[in-house]
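Visitor: build me a structure from this.
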Amino acid sequence: MNTETLTRNEPGFDAGAQTEHPQGSAGILPFSSSTPFTMGIELELQLVNRRNYNLASDAVDLLNWIAPRELQKQIKLEMTQGMIELNSNIHTRVDELVEELKGLRAALNNGARYLNIDVSGGGAHPFQHWNEQRITPSERFHHLHEKYGYLAKTFTVFGQHIHIGVPTGDDALYLTHAFSRYVPHFIALSAASPFYQGADTRFDSSRSNVVRAFPLSGTAPVHTKWAEFETYYDELMRMGIIASMKDFYWDIRPKPEYGTVEIRVCDTPLTIEHAAHLGAYAQLLARWVLTERPFTVTDDFYLLYQYNRFEASRFGLNGMLALHGATPSESRKLPIFEHLLQQLQLLEPYVQNDAERQTLQRLRRMAHDRLSDAGWLRQVFTQRGSLNDMMRLSSELWMGEAPPPYFQ
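Guide: Residues are numbered from 1 along each chain as shown. Model (predicted):
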């Protein structure tokens, strides 16, 4: 296992595993090979004050309080000052990822106490107003604010990104497309943003809708060879549409500089344990996908994608998944939780240790009982009658001051 600190604070980049001549090194957009199926995660977290549990604009000050200081390279600022991002190292085992996240959480908790603020998971703050948010001092963030206008502040939503290591650019593109079939799983399993701008949105994941407002969001173009993708990338660069891979806001995207595929659809879970298990699920899926090669990527590969994505965002595990068959009579729909249970069964042969077996058991129970962070948040609001109190309990949950609602 490679546990070195990530280059540029990005998870999933395995510097020790780079090949001497990575695929595409002579091309426009070199792909840096990394050890297959390594994983790393990023967590965008909410900073809330202890008066009314609205967002606090203390990210810059919090970063200065992080100790030991070497951990500061794994914690970084985000677009607005009510957010902070936590970056894991590279891992092969989910239990070791959990232990690292506990250490990072402790450092955040200690810094937060000095500032009299709390830290919380969840995909969206339930009652903050976008126009009150402050852009973080940064040349890049101010450029994005100028470019995207109010969208930059509405992007004060909180997601988990999962990086999975792959050896080649061609494998990265195949995995990017294959992962798209499981976007409903990741949205439903991570859904933690039922409240937004003071209202119950009736969505399990309202965050998903905010992200879709950006240009170059959605899905990657249907290329299967890295050389083809390089040509596409070069054309957009020449037209001035993009300046780097960061300008693609796709749900799944390759990250050639780190040798990974990045899943970007998850809400930030309410607990670090659940975040780690989502990373392990992606790791298991990648092993299965790149071994079995179960899909043929064609021009109509994303035909049902938007429908399935909506169902997961709106209804979570109870949403309906549309599956395109070889013939019209073979096309069908089934609940997302049933499709997830079927997939978990397929992944059993790819489990390598007891920690991964625990991941499957955890997700199996979530699917069977239709459990979610969104459901827990709604239950707490019903019991307490206050979004402020709900946020207080949510922050206690993430900071480890209360037991997780299930599965610990």
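
Visitor: from here on, contacts and neighbour counts on C-alpha atoms
Guide: Will do.

Visitor: the strands in the stretch 201-350 of the chain, which residues?
Guide: Counting by DSSP state E, counting those that start in this stretch, the stretch 201-350 of the chain forms strands over residues 217-218, 249-250, 252-255, 260-267, 320-323, 332-335, given from the N-terminal end onward.

Visitor: and the first one, what does it pack against?
Guide: Identification of packing neighbours for strand 217-218 by 3 or more CA pairs under 8 Å, 6 or more residues apart in numbering; DSSP states H and E yields strand 249-250.

Visitor: check the fifth one too.
Guide: In terms of contacts (3+ CA pairs under 8 Å, 6+ apart), strand 320-323 is packed against helix 305-315, strand 332-335, helix 336-347.

Visitor: quick one: strands adjacent to it?
Guide: Sheet pairing for strand 320-323, assigned by DSSP bridges, gives strand 332-335 (antiparallel).

Visitor: so how far is residue 376 from the residue lying closest to residue 344 once chain neighbours are set aside?
Guide: Closest residue to residue 344 apart from its sequence neighbours, by CA to CA, 6 or more residues apart in numbering: residue 360 at 6.4 Å. If you measure residue 360 against residue 376 using CA to CA, to the nearest Å, the figure is 21 Å.

Visitor: which one of these two has more residues nearby?
Guide: More neighbours surround residue 360 than the other of residue 360 and residue 376, with 22 against 17 (other CA atoms under 10 Å).

Visitor: pLDDT below threshold where in the protein?
Guide: When the per-residue scores of the chain are filtered using pLDDT under 70, the ranges that remain are 1-26, 404, 406-408.

Visitor: again, only this time at 80
Guide: Residues of the chain that meet the criterion pLDDT under 80 lie in 1-27, 325-329, 401-408.

Visitor: and the longest strand for it?
Guide: The strand spanning the most residues in the chain, taking DSSP state E as the definition, is strand 39-49.

Visitor: next one: it to chain centre, how far?
Guide: 10 Å (CA atoms, centre = their mean, to the nearest Å).

Visitor: tell me the angle of that strand relative to strand 260-267?
Guide: With axes from the mean of the first three to the mean of the last three CA atoms, to 10 degrees applied, the angle from strand 39-49 to strand 260-267 works out at 40 degrees.

Visitor: buried set for whichever helix or strand comes after strand 39-49?
Guide: Tracing the chain C-terminally past strand 39-49 and defining elements by DSSP states H and E, one meets helix 59-65 next. Judged by neighbour count using 16 or more other CA atoms under 10 Å, the buried positions of helix 59-65 are 59-60, 62-63, 65.

Visitor: in CSV, list these along with distance to residue 322.
Guide: Putting these into CSV (distance: CA to CA, whole Å) gives the following:
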residue, distance to residue 322
59, 42
60, 44
62, 45
63, 44
65, 48
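
Visitor: coming back round to it: which elements pack onto the longest strand of the chain?
Guide: In this structure, strand 39-49 makes packing contacts with strand 83-87, strand 117-120, strand 159-165, helix 272-292, judged by 3+ CA pairs under 8 Å, 6+ apart.

Visitor: contacting residues for residue 94?
Guide: Residues in contact with residue 94 (CA atoms under 8 Å, 6 or more residues apart in numbering) are 276-277, 279-280, 355-356.

Visitor: among those, which one is most surrounded by other residues?
Guide: Using other CA under 10 Å as the neighbour criterion, residue 280 leads these with 30 neighbours.

Visitor: contacting residues for it?
Guide: The neighbours of residue 280, taking CA under 8 Å, 6+ apart as the test, are 39, 93-94, 356, 359.

Visitor: cool, residue 197 as well?
Guide: When contacts are counted by CA under 8 Å, 6+ apart, residue 197 touches 125-129.

Visitor: coming back round to it: between the longest strand of the chain and helix 272-292, how many degrees?
Guide: Relative orientation of strand 39-49 versus helix 272-292 (the same axes, to 10 degrees): 150 degrees.

Visitor: tilt between strand 39-49 and strand 159-165?
Guide: Calculated by the same axes, to 10 degrees, strand 39-49 forms an angle of 160 degrees with strand 159-165.

Visitor: can I get strand 39-49 in CSV, CA atoms only?
Guide: Once side chains and other backbone atoms are set aside, the C-alpha atoms of strand 39-49 remain, and they are given as CSV (Å, rounded to 0.1, in the frame of the first residue of the first chain):
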residue,chain,number,x,y,z
MET,A,39,-8.5,5.0,-3.8
GLY,A,40,-8.7,8.4,-2.2
ILE,A,41,-11.5,10.7,-1.2
GLU,A,42,-12.2,14.4,-0.9
LEU,A,43,-14.9,15.7,1.5
GLU,A,44,-16.4,19.2,1.3
LEU,A,45,-17.5,20.1,4.8
GLN,A,46,-19.8,22.7,6.3
LEU,A,47,-18.6,25.2,8.9
VAL,A,48,-21.4,26.3,11.2
ASN,A,49,-21.5,28.8,14.0
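
Visitor: taking strand 83-87 as reference, get the angle to it.
Guide: Using the same axes, to 10 degrees, the direction of strand 39-49 lies 150 degrees away from that of strand 83-87.

Visitor: okay, buried residues for the helix or strand the residue nearest to residue 344 falls within please.
Guide: Under the assignment given by DSSP H and E, the secondary-structure element containing residue 360 is helix 354-369. If you call a residue buried by 16+ other CA under 10 Å, then helix 354-369 has these buried ones: 355-356, 358-360, 362-364, 366-367.

Visitor: for stretch 372-386, same thing?
Guide: For stretch 372-386, the neighbour count (16+ other CA under 10 Å) marks 372-378, 380-381 as buried.

Visitor: tell me how far that stretch lies from the chain's centre.
Guide: The chain centre lies 22 Å from the centre of stretch 372-386; the measure is CA atoms, centre = their mean.

Visitor: what does stretch 151-170 give?
Guide: That offset, for stretch 151-170, works out to 6 Å (CA atoms, centre = their mean).

Visitor: buried residues in it?
Guide: When burial is assessed from 16+ other CA under 10 Å, stretch 151-170 yields the following buried residues: 151-170.

Visitor: can you give the distance of stretch 342-360 from its chain's centre?
Guide: Taking mean C-alpha positions (CA atoms, centre = their mean), stretch 342-360 and its chain are 20 Å apart.

Visitor: gap between the two ends of that stretch?
Guide: Start to finish, the residues bounding stretch 342-360 are 11 Å apart (CA to CA).

Visitor: which other residues reach that stretch?
Guide: For stretch 342-360, with CA under 8 Å, 6+ apart as the criterion, the contacting residues are 93-95, 277, 280-281, 284-285, 287-288, 364.
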